[in-house]
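[1] coordinates only, sequence not included:
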């Protein structure tokens, strides 16, 4: 999985590319924790180019979401499509973190916070 980080004002967008499996999930969690240490408060995970996700990837999303909620920080997940969307719907995890169809919707939602 590839990871790129960019910003839109005070929002940090984490662009993911490829499959999210165990090693990738740990890398993503570590990245977010380092960003928290640097006082980043608003995150969007852009899953537009994610083709599949396993249980460790879902666990990473849940860990990141719950950690940010406890710290009063904001998270959105955008562009969840295909097999990844199916897995999230089947596991009923869509209520654990805010999911937006498009990146612009997620940016707009986090800009209001």
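    Arrived safely, thanks for sending. Given the structure is predicted, the values throughout are model-derived calculations rather than measurements.

[2] could you point out where this protein is predicted with low confidence?
    Along the chain, segments meeting pLDDT under 70 span 113.

[3] And the strands in it?
    Counting by DSSP state E, the chain has strands at residues 2-8, 11-20, 42-53, 74-78, 99-100.

[4] Tell me which residue lies nearest the centroid of the protein.
    Per C-alpha atoms, centre = their mean, the C-alpha nearest to the average position across the chain is that of residue 45, at 3.1 Å.

[5] Quick check: closest non-adjacent residue to residue 53.
    residue 20 (4.4 Å; C-beta to C-beta, 6 or more residues apart in numbering). To be clear about C-beta, it is placed using only N, CA and C from the backbone, and glycine gets the same treatment.

[6] do the same with residue 79
    Nearest in space to residue 79, with sequence neighbours left out and distances taken as C-beta to C-beta, 6+ apart, is residue 48 at 3.6 Å.

[7] same question, residue 2
    Residue nearest to residue 2 in three dimensions, not counting chain neighbours: residue 17, with 3.9 Å by C-beta to C-beta, 6+ apart.

[8] before we move on, back to that, hang on, the residue nearest to the centre of the chain packs against residue 79?
    No. When contacts are counted by C-beta atoms under 8 Å, residue 45 is not listed as touching residue 79 (9.1 Å).

[9] Please determine how far residue 58 is located from residue 29.
    The gap separating residue 58 from residue 29 is 12 Å, by C-beta to C-beta, to the nearest Å.
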